[in-house]
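Novice: With the sequence up front, the predicted model follows.
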Amino acid sequence: MSSIILASASPRRSELLQQIGVSFTVQPADVDETPLKDERPEHYVERLAREKALAVAAIHPDAMVLGSDTSVVLDGCVLGKPRDRADARRMLSELSGRSHQVMTAVALAHQSECRSLVVTTDVEFRVLSDGEMDAYTATAEPMDKAGGYGIQGHGGIFVRELRGSYSAVVGLPLQETASLLEQAGYPVWTHWPISLEN
Ligand SMILES: Cc1cn([C@H]2C[C@H](O)[C@@H](COP(=O)(O)OP(=O)(O)OP(=O)(O)O)O2)c(=O)[nH]c1=O
């Protein structure tokens with residue numbers, strides 16, 4: 001059985017992968033996240049997920065390596081992680097009262113193959129007040145997150161509606177990740193512990 005490596009520094013991705021009972025180690029990949037000229041957002045996130053998985057697979061050719069990337073997309077433009085608080089505040093005001101897409105790609109590199117997919121989720125924000133945007137950007141929460149918010153944290157109060165995958169917005173689409181692992185010969189459910197209590 002190949003070992004599984006999560007090529008990610010994201011604590012959210014680790015928590016999500018643990019949630020579905022996968023045993024894995026973490027080895028973040030250091031890739032250049034600059035978009036290519038005229039690159040479409042769905043191509044951008046998929047390329048980065050693949051590059052992250054392949055960078056770590058090059059060092060561990062026998063492992064199954066998962067890479068992922070999440071971007072917030074507003075009017076076809078990618079909002080990455082904010083540079084600073086002012087940038088986070090600007091992103092929130094752009095997202096206020098509108099719908100955007102969260103695109104998360106996941107790639108699984110295994111035995112010189114790399115399979116990948118993109119999950120797009122529509123998220124609608126209610127109108128945010130100046131006071132709450134100021135208060136939110138004064139916290140540490142927006143800074144390491146695409147679009148400057150975390151749906152799983154305080155930012156959850158901004159979300160009026162979500163159509164798609166909640167886990168993909170947080171950073172790793174669970175159903176699709178399990179499906180990639182199953183195709184590679186690791187059905188996650190065969191590793192769930194049996195409880196002897198009823
Ligand atoms: C929209 C949104 C994003 N995020 C996070 C998920 C990702 O960690 C981050 C997007 O940045 P990414 O570049 O996708 O990932 P990362 O730099 O955190 O980790 P790595 O590249 O090593 O895998 O934003 C949330 O936690 N909640 C949210 O609601």
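Specialist: Now that the structure is in, tell me what you want to look at. Numbering: from 1, shown residues only.
Novice: Which residue lies nearest the spatial centre of the chain?
Specialist: G171 (2.3 Å; Cα atoms, centre = their mean).
Novice: how close does it get to K37?
Specialist: Distance, G171 to K37, using Cβ to Cβ, to the nearest Å: 27 Å. C-beta: built from backbone N, CA, C; applies to glycine.
Novice: cool, and A135?
Specialist: 38 Å.
Novice: do P142 as well
Specialist: Separation of P142 from K37 (Cβ to Cβ) stands at 28 Å.
Novice: Which one's more surrounded, the two?
Specialist: A count of neighbours by other Cβ atoms under 10 Å puts P142 above the other of P142 and K37, at 26 against 5.
Novice: element containing the more buried one?
Specialist: P142 belongs to no helix or strand when assigned by DSSP states H and E.
Novice: Against G155, how distant is it?
Specialist: Distance from P142 to G155, by Cβ to Cβ: 7 Å.
Novice: what do these two both touch?
Specialist: With contacts taken as Cβ atoms under 8 Å, 6 or more residues apart in numbering, P142 and G155 have 136, 149 as neighbours in common.
Novice: and this structure, which residues reach the ligand?
Specialist: Contact residues, the chain versus the ligand (Cβ under 6 Å from any ligand atom): 8-10, 12-13, 28, 68-70, 72, 81, 102, 144-147, 149-152, 169-171.
Novice: Please list the members of those that lie in helices.
Specialist: 12-13, 169-170 (DSSP state H).
Novice: Put together TSV for the residues you listed, with neighbour count on each row.
Specialist: TSV is the format used below for those (neighbours: other Cβ atoms under 10 Å):
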residue	neighbour count
R12	20
R13	24
V169	27
V170	22
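Novice: Report the buried residues of stretch 47-56.
Specialist: Buried residues in stretch 47-56, defined by neighbour count with 16 or more other Cβ atoms under 10 Å: 47-56.
Novice: likewise stretch 2-18?
Specialist: Result for stretch 2-18 [16+ other Cβ under 10 Å]: buried residues 4-8, 10, 12-14, 16-17.
Novice: Stretch 147-160 too?
Specialist: Result for stretch 147-160 [16+ other Cβ under 10 Å]: buried residues 147-153, 155, 158.
Novice: counting contacts, what elements does the helix or strand hosting A88 pack onto?
Specialist: Per DSSP H and E, A88 falls inside helix 85-95. Using 3 or more Cβ pairs under 8 Å, 6 or more residues apart in numbering; DSSP states H and E, the elements in contact with helix 85-95 are strand 64-74, strand 77-79, helix 130-137.
Novice: Go again with 7 Å.
Specialist: Applying 3 or more Cβ pairs under 7 Å, 6 or more residues apart in numbering; DSSP states H and E, one finds that helix 85-95 contacts helix 130-137.
Novice: Now do the helix it packs on: distance to the chain's middle.
Specialist: 24 Å (Cα atoms, centre = their mean, to the nearest Å).
Novice: same question, stretch 170-190
Specialist: So, by Cα atoms, centre = their mean, the centroid of stretch 170-190 is 14 Å from its chain's centroid.
Novice: Next up, the contacts around L117.
Specialist: Taking Cβ atoms under 7 Å, 6 or more residues apart in numbering, we find L117 in contact with 105-106, 176.
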